[in-house]
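**Q** Sequence first, then the predicted structure, then my questions.
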Amino acid sequence: MDVTLNHYLVLSAILFAIGTAGVFLRRNVITLLLSIEIMLNAVNLTFVAAGRQFAAVDGQVIVFFVMTVAAAEAAVGLAIVIALFRHRESLNPEAFTSLKW
Amino acid sequence: MGFETIGFYVLGALAVAASLGVIGQRNPIYSVMLLIGSFGALAGLYILLDSPFTAVTQIIVYAGAIMVLFLFVVMLLNVPREDAAEWDRSHPLNRPGARRLGAALAVFLVLELGWAVWHISTREAVAFKDISSGGISSVAALGRSIFTDYAFQFEATSILILAAMVGAVVLARKEQE
């Protein structure tokens, strides 16, 4: 049995579900950001596999842009984490329930 | 079973196992290391999908740059373990009603995933197109697409990067008293 688009879509769905579970289960802001990266990568796999299926280069172009956005997101997200940690000395998201203190 | 099939299953299992490790680890440093492994496996899958440029970018940008940034912050903050207990009692999301709703939704999601896997495995699948003649794997084709069809998006990306850079500097800066 050859590997088809379906296999890649299922793998991507599993990875995305793992990322979602990480966002909901973990109590650590950095692990939340890592889970978001897992989800972004699952979507990237879908784009590359679909681009391969339709013999179009656009899938890889979108992945290129997703990586750029992921880099920007990581930079800003980690800056926010540092700023929050400076205020609360904690990485628990439930420590950050107020917008102003 | 051909080389590509074995490669897919090995790399796919590696990616799933590493991702599970990421959300299973208590120590964020191990999480970051495992995520780098997951990204490496995904880069292998991109090579199987005839996308070498994306695979290399995955390694350089994701595993190289973004994960080093994460590692840097983890070591800077120096918080090896998550501190759980004291917040769990008070937060509304942890009260029984909301927790039950979340659990029900999670079970629903898993059932949906299982349903999709079951349906895909029982359905006739379409094989990948033969692309040996016109390459989507060439960097030249990718570059031509980015700098012609997606030129505007590419320029918009540069503004996004600039905004993210300024935002990161402003957010992480220490307040001058």
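**A** All right, it came through fine.
**Q** Now for residue B:54: which residues touch it?
**A** A:44, A:48, A:60, A:63, A:64, B:46 (Cβ atoms under 8 Å, 6 or more residues apart in numbering or on different chains). Every C-beta, even on glycine, is put in place using the N, C-alpha and C of the backbone.
**Q** Downstream of the helix or strand that contains residue A:37, the next helix or strand is which one?
**A** For residue A:37, the enclosing helix or strand under DSSP states H and E is helix A:29-53. Later in the chain than helix A:29-53, the nearest helix or strand by DSSP H and E is helix A:58-88.
**Q** Can you give the distance of that following helix from its chain's centre?
**A** 9 Å (Cα atoms, centre = their mean, to the nearest Å).
**Q** other SSEs contacting that helix?
**A** On a contact count with 3 or more Cβ pairs under 8 Å, 6 or more residues apart in numbering or on different chains; DSSP states H and E, helix A:58-88 meets helix A:29-53, helix B:52-57, helix B:67-77, helix B:139-147, helix B:151-172.
**Q** pLDDT averaged over the longest one, what's the number?
**A** Translated: helix A:29-53. For helix A:29-53, the mean pLDDT works out to 92.
**Q** near chain B at all, that helix?
**A** Yes: using Cβ under 8 Å from any Cβ of the partner chain, helix A:29-53 reaches chain B at A:30-31, A:33-35, A:37-38, A:41, A:44-45, A:48-49, A:51-53.
**Q** Can I have the buried ones of those residues as a ChimeraX selection?
**A** Per 16 or more other Cβ atoms under 10 Å in any protein chain shown, the buried members of these correspond to this ChimeraX selection:
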select /A:30,31,33,34,35,37,38,41,44,45,48,49,51,52,53
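**Q** among the residues of helix A:29-53 next to chain B, which two are most distant?
**A** Maximum pairwise distance among these (Cβ to Cβ): 35.2 Å, between A:30 and A:53.
**Q** mind giving me the domain split of chain B?
**A** Structural domains assigned to chain B are B:1-80, B:138-177, following automatic domain parsing.
**Q** need the contact list for the one residue sitting closest to the centre of chain B.
**A** Taking Cα atoms, centre = their mean as the criterion, residue B:39 is the residue nearest the geometric centre of chain B, at 7.2 Å. Taking Cβ under 8 Å, 6+ apart, we find residue B:39 in contact with A:41, B:58, B:59, B:62, B:63, B:67.
**Q** Which pair of these spans the longest distance?
**A** A:41 and B:59 (12.5 Å).
**Q** for whichever strand or helix holds residue B:116, which positions count as buried?
**A** In this structure, residue B:116 sits in helix B:96-122 according to DSSP H and E. Using 16+ other Cβ under 10 Å as the test for burial, helix B:96-122 gives residue B:120.
**Q** is chain A contacted by it?
**A** Yes: using Cβ under 8 Å from any Cβ, helix B:96-122 reaches chain A at B:102, B:106, B:109, B:110, B:113, B:116, B:117, B:120.
**Q** Take those and write them to TSV, including pLDDT.
**A** Below are those laid out as TSV (pLDDT from 0 to 100):
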residue	pLDDT
B:102	73
B:106	76
B:109	82
B:110	81
B:113	82
B:116	78
B:117	75
B:120	71
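**Q** of those residues, closest to chain A?
**A** Nearest to chain A among these: residue B:120, at 4.4 Å, using Cβ to the nearest Cβ.
**Q** The closest one touches residue A:11, doesn't it?
**A** No: judged on Cβ atoms under 8 Å, residue B:120 makes no contact with residue A:11 at a distance of 11.0 Å.
**Q** quick check, distance from the helix holding residue B:116 to the centre of its chain.
**A** On Cα atoms, centre = their mean, the centre of helix B:96-122 falls 21 Å from the chain's centre.
**Q** Neighbours of residue B:169, how many?
**A** Counted with other Cβ atoms under 10 Å in any protein chain shown, the neighbours of residue B:169 add up to 11.
**Q** which residues touch it?
**A** With Cβ under 8 Å, 6+ apart, residue B:169 has these contacts: residue A:79.
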